[in-house]
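Asks: Show me how the following folds:
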Amino acid sequence: MSDRVAIEARRQAWIDVTTAGDSAACTRLLTEDVVWVPPGMAALSGRKAVCDWMVPFFELYEYDFSVHGPRLQLAGDWAVDRGTFTSALISRHDGRRSSHSGEYLIVWRREPDREWYIERYVHLADIQTDFQAETPLAK
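Replies: All right, here's what the predicted structure looks like:
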C-alpha cells in the first residue's frame, strides 16, 4: 500500500472514530507527543492531555465531522494534510444543535511500527454558536 493510500485510510479512520465519539480509538491515532490545537483554545500537549479534553467533549456532544478537499504533501516519514471541514454538534443535555466549519492542518508522522499517526493537529473554526462558553472544555 502506498503512503498516500495509508494516510488517506488513517484520515478516514480518524473521521470515523471522531464521529462515533470514541475518544479512546481517536487518541490511539495520535503520537505520544502530539500537539493538538482545538478551536479557540490553547494547545494541548501529549496524548493524555488530548484524551482528557476529548472525553468530556464526547460526553457532552454528538459530533458529526467531515473533511473536504484534503491536500496531502509527503516527505519521507512525515506528511502534511490540510483541507476544510464541517461539523455539527448536538447537545446530549438538551438536544440543541450547533455547527462550525473551517480549516484543519494535520502533520502525520510514521512511527517505528510503520503506521502513520497524527503528530500535530490545528483546528481553525468559524464557531456558529457559543457552545464553548457553556462547557468546561474551554480552558
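
Asks: mind checking pLDDT for residue 44?
Replies: As predicted, residue 44 sits at a pLDDT of 96.

Asks: Just say helix, strand or coil for residue 101.
Replies: Assigned with DSSP: H, G, I helix; E, B strand; the rest coil, residue 101 falls in the strand class.

Asks: what distance separates the biggest helix by length in the chain from the centre of its chain?
Replies: Criterion DSSP state H: the longest helix present in the chain is helix 3-19. Here the centre of helix 3-19 is set off from its chain's centre by 11 Å, with C-alpha atoms, centre = their mean, to the nearest Å.

Asks: Repeat that for stretch 96-113.
Replies: That offset, for stretch 96-113, works out to 3 Å (C-alpha atoms, centre = their mean).

Asks: the strands in the chain, which residues?
Replies: Assigned strands in the chain, in chain order: 30-37, 44-45, 61-75, 78-91, 97-110, 116-127 (criterion: DSSP state E).

Asks: quick one: which of those strands is nearest residue 21?
Replies: strand 61-75 (6.1 Å; C-beta to C-beta). Any C-beta I mention is one placed from the backbone N, CA and C, and that applies to glycine too.

Asks: in its sheet, what does the closest one sit against?
Replies: Paired with strand 61-75 in the same sheet, following DSSP bridges, are strand 78-91 (antiparallel).

Asks: where in the chain is pLDDT low?
Replies: Along the chain, segments meeting pLDDT under 70 span 126-139.

Asks: The strands of the chain into JSON lines, with extra columns for distance to residue 55?
Replies: Formatted as JSON lines, the strands of the chain follow (distance: least, C-beta to C-beta, whole Å):
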{"stretch": "strand 30-37", "distance to residue 55": "13"}
{"stretch": "strand 44-45", "distance to residue 55": "12"}
{"stretch": "strand 61-75", "distance to residue 55": "12"}
{"stretch": "strand 78-91", "distance to residue 55": "16"}
{"stretch": "strand 97-110", "distance to residue 55": "20"}
{"stretch": "strand 116-127", "distance to residue 55": "17"}
